[in-house]
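Enquirer: What shape does this take:
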Amino acid sequence: VILTVGRSRIVEAFLRRVAKTERQFEVIVADTAPTYEGAEVARRLSEMGIQTTLITDAAVFALMARINKVIIGTHAVMADGGLLAPAGTLAVALAAQHHSVPFVVCAGIPQLTPIFPTDPDDLNVLLSPAPVLSYAETGSIEVDAAAGAATATTEGYAADAPNPSYDYVPPELISLFITNIGGTHASYIYRLLAEFYSPVDIQLRSLNPTQMDAA
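Expert: Model prediction:
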């Protein structure tokens, strides 16, 4: 039984390839609120002939004991081997660690980045709060564009509704990376960076235009 969260074309292609080997497996898909991309993923997997179950994000921990492996995609693989992945992924990774379930990441080499997550909040993107708290449900809404949050007000009611795009998942929660050149551990990501990035790419911010021309 495999659990996945978020929508990833790489994960879909991986599962499609596995399904063609005629190995029997089931995929449980978290619905990934508030975008609910999981519903579309579940539909696509079922069309491939894969036995699929759609669950709410809140049910992930309760069902993790039934899971044999978590397989997810990611937005980016950081220089320390951590992930910038869809919001909600960190909770899934912590649940997998608690139940000793392997946490596997499918990522292409172009998703590697030489950036270290000194402050993961700086790398996040805050989306519109409307999917979390719709305008129709409130009397008035004050939007703080800089903070990416909204305060909704009715009689005796006020709430903030932040809607972050990503979670930072630290490398110690990741069991294995599967890339287009093979499998690797989070602790070896630095070797891939050294192989696919030149020092100029990594130190770009510290170079002046003269140094960049020379490089």
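Enquirer: secondary structure element for the residue nearest to the spatial centre of the chain?
Expert: Nearest to the geometric centre of the chain sits A85, at 2.2 Å (CA atoms, centre = their mean). Assessed by DSSP states H and E, A85 sits inside strand 83-86.
Enquirer: Okay, now the sheet partners of that strand, with direction.
Expert: strand 76-77 (antiparallel), strand 166-169 (antiparallel) (DSSP bridges).
Enquirer: about what we covered before: so the residue nearest to the centre of the chain touches R7, yeah?
Expert: No - counting by CB atoms under 8 Å, A85 stays clear of R7, with 11.7 Å between them. Placement of C-beta: from N, CA and C, glycine included.
Enquirer: intersection of neighbour lists for the two?
Expert: The contact sets of A85 and R7 overlap at G73 (CB atoms under 8 Å, 6 or more residues apart in numbering).
Enquirer: Just grab the bridge partners of G182 for me.
Expert: When bridges are called by DSSP bridges, G182 pairs up with T179.
Enquirer: now swap in E26 and tell me
Expert: Taking DSSP bridges as the rule, E26 bridges to Q51.
Enquirer: again with the one 4 residues further on
Expert: For A30, the beta-bridge partners under DSSP bridges are I55.
Enquirer: what about it, distance to R191?
Expert: Distance from A30 to R191, counting by CB to CB, to the nearest Å: 32 Å.
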